[in-house]
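S.K.: sequence isn't available, so here's the structure alone:
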C-alpha cells in the first residue's frame, strides 16, 4: 500500500469509512416506510423541471413518479393524500428537510407544514434525514440514478407531458419487469404484494384539536385540511355567531362558543372544497365523546 502511495498510484483516505461499516436498514413490511424526494430532469430545450417520487422502502415499489415545472407544498400534500387513498397510509415516511416536507428548520419552533399535518392526521411517523447527509435516503438516491440512466438512453422529451409519458413507461418497467437484487431478484410489484401491509400505530385515545371562529355571512366556516382551505356549511341562520370547532382526523364538530349548542358535523374529504353538513344535530354518543374532551364548552342547560 505504502509503495503504491509513494509511486503516486493511490491516495490514502484515513477518514473514509470502509463499506463494511455501513449498516443497511430496511422496513420489515410493505408500507412500513415510504421514502420521498424531488429530483430534476431537463426537457429538449434545456428547461429544468422537477420529478417527485415516492418509493416503498421494503419492496422498492415505485408508488409515484410525477413531473412538474416545480413542486409546491400543496402539490406534495395532494400527492401523499392520493397515495394514501390508493395504497393505505404507511407506518412512516422518510424525506430530506426540504420545506415541502418539513417546517422544522424554518425557524419557528413547533411549526408544521401541510405535509406534516397530513402525516399527523393519519398518525404516520415522520422521519427526516440529517442535513448534509443524503446517505439517510440512500435507497431513493440510488433509485434516481437508475431513473436518470433510463431517461438518458432516450431522446429528451419536448414537453412535461411527454416526460410524464416516459415516467409512466419507466414505472411499469421498473415495478413489473426489472428484478431487483435487494428484494431477492423479484420485481418490486411482487415484493410489495408478498406480505401484509404495515399501518400507522393507532393511539389509545383519540385526540381532539380545537379552534375558534365566527360563521361568515355565507353561512360557512373555513378550515385548512390536506394543504388546502376548506369551507364547511353551517347555515346562513348562524351567520355572525362565534363557534368552537373540534377536529379529530377527518371528523369536525362545530358548536356555538357561548351556549355549547351543536350546529353541524362534517367529515372532511380531500377532494372537496365546500362541505355541506352531514347533520345539524348530534346524538347522545357523540355528546358523551365531546364531554370527555378538555376543550368541551358547557352545554346549554
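M.R.: Here it is on my side, so go on. On a predicted model such as this, the values are computed, not experimentally measured, just so you know. Residues are numbered from 1 along each chain as shown.
S.K.: please enumerate the strands of the protein.
M.R.: Here the chain has its strands, by DSSP state E, at 34-42, 48-56, 62-68, 92-95, 125-128, 209-214, 220-225, 228-233, 242-248, 251-256, 262-267, 274-275.
S.K.: could I get these in JSON lines, plus columns for mean neighbour count, distance to residue 183 and mean pLDDT?
M.R.: No exception for glycine: its C-beta is placed from N, CA and C like everyone else's. Formatted as JSON lines, these follow (neighbours: other Cβ atoms under 10 Å; distance: least, Cβ to Cβ, whole Å; pLDDT from 0 to 100):
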{"stretch": "strand 34-42", "mean neighbour count": "20", "distance to residue 183": "15", "mean pLDDT": "96"}
{"stretch": "strand 48-56", "mean neighbour count": "20", "distance to residue 183": "10", "mean pLDDT": "97"}
{"stretch": "strand 62-68", "mean neighbour count": "20", "distance to residue 183": "13", "mean pLDDT": "98"}
{"stretch": "strand 92-95", "mean neighbour count": "22", "distance to residue 183": "18", "mean pLDDT": "94"}
{"stretch": "strand 125-128", "mean neighbour count": "15", "distance to residue 183": "21", "mean pLDDT": "91"}
{"stretch": "strand 209-214", "mean neighbour count": "14", "distance to residue 183": "39", "mean pLDDT": "87"}
{"stretch": "strand 220-225", "mean neighbour count": "18", "distance to residue 183": "36", "mean pLDDT": "92"}
{"stretch": "strand 228-233", "mean neighbour count": "17", "distance to residue 183": "36", "mean pLDDT": "93"}
{"stretch": "strand 242-248", "mean neighbour count": "19", "distance to residue 183": "38", "mean pLDDT": "88"}
{"stretch": "strand 251-256", "mean neighbour count": "21", "distance to residue 183": "38", "mean pLDDT": "89"}
{"stretch": "strand 262-267", "mean neighbour count": "21", "distance to residue 183": "38", "mean pLDDT": "90"}
{"stretch": "strand 274-275", "mean neighbour count": "14", "distance to residue 183": "42", "mean pLDDT": "94"}
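S.K.: nearest to residue 156 among those would be which one?
M.R.: strand 34-42 (6.5 Å; Cβ to Cβ).
S.K.: spatially speaking, which residue is in the middle of the chain?
M.R.: Most central in the chain under Cα atoms, centre = their mean is residue 80, positioned 4.0 Å from the mean C-alpha point.
S.K.: tell me, how many residues neighbour the nearest residue to that one once chain neighbours are set aside?
M.R.: Spatially, and ignoring its direct neighbours in sequence, residue 80 is nearest to residue 118 (5.8 Å; Cβ to Cβ, 6 or more residues apart in numbering). Look at residue 118: counted by other Cβ atoms under 10 Å, it has 23 neighbours.
S.K.: ok, now the one 3 residues further on?
M.R.: In terms of burial, residue 121 registers 19 neighbours under the definition other Cβ under 10 Å.
S.K.: out of everything not next to it in sequence, what's closest to residue 274?
M.R.: Closest to residue 274 by Cβ to Cβ, 6+ apart is residue 231, at 5.0 Å.
S.K.: touching, the one you found and residue 219? I think so.
M.R.: No - here residue 231 does not reach residue 219: they are 9.7 Å apart, not a contact under Cβ atoms under 8 Å.
S.K.: okay, the residue nearest to the centre of the chain: pLDDT?
M.R.: The model reports residue 80 with a pLDDT of 98.
S.K.: so what's it up against?
M.R.: Contact partners of residue 80, counting by Cβ atoms under 8 Å, 6 or more residues apart in numbering, are 36, 54, 93, 115, 118, 119.
S.K.: swap in residue 240?
M.R.: With Cβ under 8 Å, 6+ apart, residue 240 has these contacts: 214, 215, 217.
S.K.: residues contacting residue 227?
M.R.: Listed by Cβ under 8 Å, 6+ apart, the contact set of residue 227 reads 73, 74, 76, 77, 78, 114, 115, 117, 118.
S.K.: tell me which of these is nearest to residue 186?
M.R.: Nearest to residue 186 among the contacts of residue 227, counting by Cβ to Cβ, is residue 76 at 29.5 Å.
S.K.: separation between the closest one and residue 53?
M.R.: 11 Å (Cβ to Cβ, to the nearest Å).
S.K.: now the common contact residues for these two.
M.R.: Common neighbours of residue 76 and residue 53 (Cβ under 8 Å, 6+ apart) are residue 36.
S.K.: ok, longest helix in the chain?
M.R.: helix 160-176 (DSSP state H).
S.K.: what is that helix packed up against?
M.R.: strand 48-56, strand 62-68, helix 138-152, helix 188-193 (3 or more Cβ pairs under 8 Å, 6 or more residues apart in numbering; DSSP states H and E).
S.K.: hang on, the earlier thing: ok, the residue nearest to residue 80 touching residue 226?
M.R.: Yes - using Cβ under 8 Å, residue 118 is in contact with residue 226, at 5.5 Å.
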